[in-house]
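**Q** Fold the following.
(one chain, ligands or ions: 1)
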Amino acid sequence: MFGFGRRELATPVVDIHSHLIPGIDDGVRTLEQSIEVIRKFVEIGYAKAITTPHIHPNYPNSKDSILNGLESLQNRLHEENIDFEIEAAAEYFVDEVFMKKVNRNENILSFGSNYVLVESSFLNKPLFFESCLFDLQSKGYLPVLAHPERYRFLEGDLEWLYELKKMGVFFQVTISSFAGFYGKMPQKIAKTLFEKNMIDFLGSDLHRFEQIHFLEEGLRNQMVKKLSKSQFLRNASLS
Ligand SMILES: [Fe+2]
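**A** Numbering: from 1, shown residues only. The predicted structure is shown next:
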């Protein structure tokens, strides 16, 4: 299922990765900026976004900071009469702080059928990442790796990703990666993951209005169009 906001775009109806709660991470700074992005989301065919602020050493958000910000944003959407559904989860940086939360059975911000969006350092291959995700799974969560195509430490070697896939980790590829927004290597890895049917979710990972142009470029990509129509893509299951 996909939107028809613009005829040439095949927009998944639900976005699962963005930074649209103002002022709490490296995403939008103000409610006005958030509204500006969401108006554009509606125009290009999205009906809903599950926005995912960072919970990261640089942005130590809590469930409260995220849900309070979500409420303000929802109120503003209502005031502006914008027909768009927005929920919040988080993009968790997998580190000791995160694992303590998992092992203490703290409530982890998840979406859909208990999916949890996770990321790692881009530069250094994380130690214990697999065992962390295994612990997360054993607590009943379904880890979704954010932008597997962008981890620079892979240097084109996808073995780490294949291992995660074998463990049952879901993959969220960022739409603008298909248009080369992050460079040649992420574009190439996105293509390989597409060819190997390893993409479970598409996401915008939108941080600011200026990135919309690249998102639209990605939405014109033939692989993205095929994925958006594919029954294997899980975005529509969250509508
Ligand atoms: Fe992100």
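**Q** Look up how far K48 lies from S237.
**A** S237 sits 12 Å away from K48, going by Cβ to Cβ, to the nearest Å. C-beta: built from backbone N, CA, C; applies to glycine.
**Q** packing partners for the lengthiest helix in the chain?
**A** What stands out as the longest helix in the chain, according to DSSP state H, is helix 63-79. Judged by 3 or more Cβ pairs under 8 Å, 6 or more residues apart in numbering; DSSP states H and E, helix 63-79 is in contact with helix 31-44, strand 85-88.
**Q** just to revisit the earlier point, so which of S237 and K48 has more stuff around it?
**A** Taking neighbours as other Cβ atoms under 10 Å, S237 and K48 compare with K48 leading, 17 against 13.
**Q** Next up, phi/psi of the more buried one, please.
**A** phi -160, psi 150 (degrees, to the nearest 10).
**Q** contacting residues for it?
**A** The contact partners of K48, by Cβ atoms under 8 Å, 6 or more residues apart in numbering, come to V13, V14, D15, F84, E85, I86, E87, L238, S239.
**Q** The third one against S204, yeah?
**A** Yes. The pair D15 and S204 passes the contact test of Cβ atoms under 8 Å, sitting 5.0 Å apart.
**Q** intersection of neighbour lists for the two?
**A** Taking Cβ under 8 Å, 6+ apart as the criterion, D15 and S204 both touch A49.
**Q** and the most far-flung residue of the chain relative to its centre, how far is that from the ion?
**A** Most distant residue from the mean C-alpha position of the chain: E79, 26.7 Å away (Cα atoms, centre = their mean). As judged by Cβ to the ion, to the nearest Å, E79 and the ion stand 27 Å apart.
**Q** ok, now P22?
**A** 15 Å.
**Q** List phi and psi for that residue.
**A** Dihedral angles of P22 (phi, psi; degrees, to the nearest 10) stand at phi -70, psi 140.
**Q** Can you report how many residues neighbour it?
**A** 20.
**Q** Ok, E210 next?
**A** Using other Cβ under 10 Å, E210 has 9 neighbouring residues.
**Q** Tell me the predicted confidence for the spatially closest residue to L67 that is not a sequence neighbour.
**A** Leaving out its chain neighbours, the residue that sits closest to L67 by Cβ to Cβ, 6 or more residues apart in numbering is A88, at 6.5 Å. In this model, A88 is scored at 98, pLDDT.
**Q** A88 touches I50, doesn't it?
**A** Yes. Counting by Cβ under 8 Å, A88 touches I50, with 6.9 Å between them.
**Q** Touching the helix or strand encompassing L215 from outside, list them.
**A** Using DSSP states H and E, L215 sits within helix 212-219. Residues from elsewhere that reach helix 212-219 (Cβ under 8 Å, 6+ apart): 9-11, 37, 40, 44, 174-179, 181, 204, 206, 224-225.
**Q** if I pick V14, what's in contact with it?
**A** Y46, A47, K48, A49, I50, N235, A236, L238, S239.
**Q** out of the residues you listed, who's nearest I189?
**A** Nearest to I189, judged by Cβ to Cβ, of these is N235 at 19.8 Å.
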